[in-house]
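J.: Sequence and computational prediction follow.
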Amino acid sequence: MTMTQAPSGSSSGTPGGPLLRVRDLHTEFRSEDGAALRAVDGVSFDVEPGRALAIVGESGSGKSVSMRSVLRLLPRTGRVTAGEVWFGGQDLLRLPERQMRRIRGRDIGMVFQNAMEAMNPTLTLERQLTEHLLWHGVCTKSEARERAVRALGDVGIPEPERRIRVYPFQLSGGMRQRAMIAMAIVTRPALLIADEPTTAVDVTIQRQILDLLAGLKDQGTGIIMVTHDLGVARYFCDDSVVMYAGRVVERAPTRELLSRPRHPYAAGLLGSSVELGSRDRPLHPIPGNPPDLASRPRGCPFHPRCDRAVLPRCQDEQELIQIGGARAVACWRAEDGHDDQ
Ligand SMILES: Nc1ncnc2c1ncn2[C@@H]1O[C@H](COP(=O)(O)OP(=O)(O)OP(=O)(O)O)[C@@H](O)[C@H]1O
Ligand SMILES: [Mg+2]
């Protein structure tokens, strides 16, 4: 498989620099009574070419909204209020929508949490995939069908020559999910954003899809993988970002994060994860619930649930503090060394 080179300048402008650079992203929703709900509250991360970044965090922590903000695919009530999203030497948040449409789906492939959103129920897979390729000018009409069939085969759809003629509703949930992944990778995007791409498929297929994505990664594709499953992060993702209440609380190479989480929330997440807990220790769910966005606690949003919180210090804003070369933690205690075991 040859990778279509990303369009000129598709690293963020600096040679050898990150493919995607998200800086201080803020996204709000308007509630019915007009209040602003901060779903994404100052998120920053980089995605390097040929590497996969996991974004993990409890339900509602802002993972999907962050991804939708990057792609500028928010619902009407949502709005990016600040931040920068550098890709291909351009800030995507400042591009005219017409140019954004060219990038979305071609240079940045997307797998949504809800499979049906990406598929047109009235078109066969053949039409969806070939029209997608032709609209983006990726290849000629005569090549498009062959490429589409190959993409379906790559994601583990048996008899792709035959299956390409069906409509999405004729496929099982797992097959549909695979078809959606085929749609996301058929243009050979420089960056792939996958929001829980393997939740709806069984373990064998999950493995097959991750191995396929690993192949793309080896060819230089940068991947963002939103996942609840720390096993997926461990197996596949070089780097990880842990989100809580719309913020990044810890960022680190996955291996370092999983072997020794430094933010109390990251540690709690690990302790409550089935993947790790089922092996050799009991599960310890984090007591309490994430904050209501309308009444966010001051300072560290996790402090009301945190067994290491010290007041009033944790009610101060917590900046991400660089610890060692590649890790950053939004907790003063991590720097303090108090969480050393
Ligand atoms: N259309 C919307 N209108 C108002 N609030 C929204 C909307 N979409 C999301 N939110 C809020 O934004 C916050 C972040 O949601 P998001 O979907 O990003 O969570 P998530 O981390 O992807 O969760 P999950 O793991 O369940 O997918 C949540 O509090 C959610 O209620
Ligand atoms: Mg989500």
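T.: Ah, there it is. Ligands and ions are numbered 1, 2, ... in the order given.

J.: nearest residue to residue 168 other than its sequence neighbours?
T.: In this structure, residue 168 finds its nearest non-sequential neighbour in residue 119, 4.4 Å apart by Cβ to Cβ, 6 or more residues apart in numbering. Using the backbone N, CA and C atoms, a C-beta is placed for each residue, glycine as well.

J.: Now do the one you found, the pLDDT please.
T.: Note on residue 119: pLDDT of 84.

J.: ok, it - contacts?
T.: Counting by Cβ atoms under 8 Å, 6 or more residues apart in numbering, residue 119 touches 128, 168, 176, 179-180, 183.

J.: could you check the distance from it over to residue 310?
T.: 50 Å (Cβ to Cβ, to the nearest Å).

J.: so where's the stretch 101-250 of the chain shaky on pLDDT?
T.: Applying pLDDT under 70 to the stretch 101-250 of the chain flags residues 115-116.

J.: Alpha carbons only: can I get stretch 167-185 in CSV?
T.: Once non-C-alpha atoms are left out, stretch 167-185 reads as follows in CSV (Å, rounded to 0.1, in the frame of the first residue of the first chain):
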residue,chain,number,x,y,z
TYR,A,167,-26.6,-0.3,1.3
PRO,A,168,-25.5,0.5,4.9
PHE,A,169,-28.7,-0.8,6.4
GLN,A,170,-28.1,-4.2,4.9
LEU,A,171,-25.0,-4.5,7.0
SER,A,172,-24.7,-5.7,10.6
GLY,A,173,-23.5,-3.1,13.1
GLY,A,174,-19.9,-4.5,13.1
MET,A,175,-19.8,-4.5,9.3
ARG,A,176,-21.1,-1.0,9.2
GLN,A,177,-18.4,0.1,11.6
ARG,A,178,-15.8,-1.4,9.4
ALA,A,179,-17.3,0.2,6.3
MET,A,180,-17.1,3.5,8.0
ILE,A,181,-13.4,2.9,8.8
ALA,A,182,-12.9,2.0,5.2
MET,A,183,-14.5,5.4,4.2
ALA,A,184,-12.1,7.2,6.6
ILE,A,185,-9.0,5.6,5.3
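
J.: how far is that stretch from where the chain is centred?
T.: Centroid separation between stretch 167-185 and its chain, computed with Cα atoms, centre = their mean, to the nearest Å, is 19 Å.

J.: quick one: contacts of it?
T.: Residues from elsewhere that reach stretch 167-185, judged by Cβ under 8 Å, 6+ apart: 109-112, 115-116, 118-125, 128-129, 132, 148, 151-152, 154-157, 163, 192, 194, 197-198, 200-202, 205, 209, 212, 216.

J.: cool, stretch 197-204 as well?
T.: Outside stretch 197-204, the residues that touch it by Cβ under 8 Å, 6+ apart are 111, 113, 115, 173-174, 176-178, 181, 205-206, 209-210, 213, 225, 228-229, 232.

J.: let's see 7 Å
T.: Contact with stretch 197-204 is made by 111, 115, 173-174, 177-178, 181, 206, 209-210, 232, as judged by Cβ atoms under 7 Å, 6 or more residues apart in numbering.

J.: Ok, stretch 228-237 next?
T.: Identification of contacts with stretch 228-237 by Cβ under 7 Å, 6+ apart yields 52-54, 56, 196, 198, 210, 213-214, 225, 227, 240, 254, 258, 270, 273, 275-276.

J.: picking up where we left off before, among the contacts of residue 119, which are located in helices?
T.: 128, 176, 179-180, 183 (DSSP state H).

J.: Tell me the one of the residues you listed nearest ligand 1?
T.: Nearest to ligand 1 among the ones in helices among the contacts of residue 119: residue 180, at 16.2 Å, using Cβ to the nearest ligand atom.

J.: State the pLDDT value of the residue of the stretch 201-341 of the chain found nearest ligand 1.
T.: Per Cβ to the nearest ligand atom, residue 293 is where the stretch 201-341 of the chain lies closest to ligand 1, at 5.1 Å. Residue 293 is assigned 87 on the pLDDT scale.

J.: Isn't it up against residue 40?
T.: No: counting by Cβ atoms under 7 Å, residue 293 stays clear of residue 40, with 10.3 Å between them.

J.: With neighbour numbers in mind, choose between these two.
T.: Ranked by neighbour count (other Cβ atoms under 10 Å), residue 293 and residue 40 place residue 40 first, with 32 against 20.
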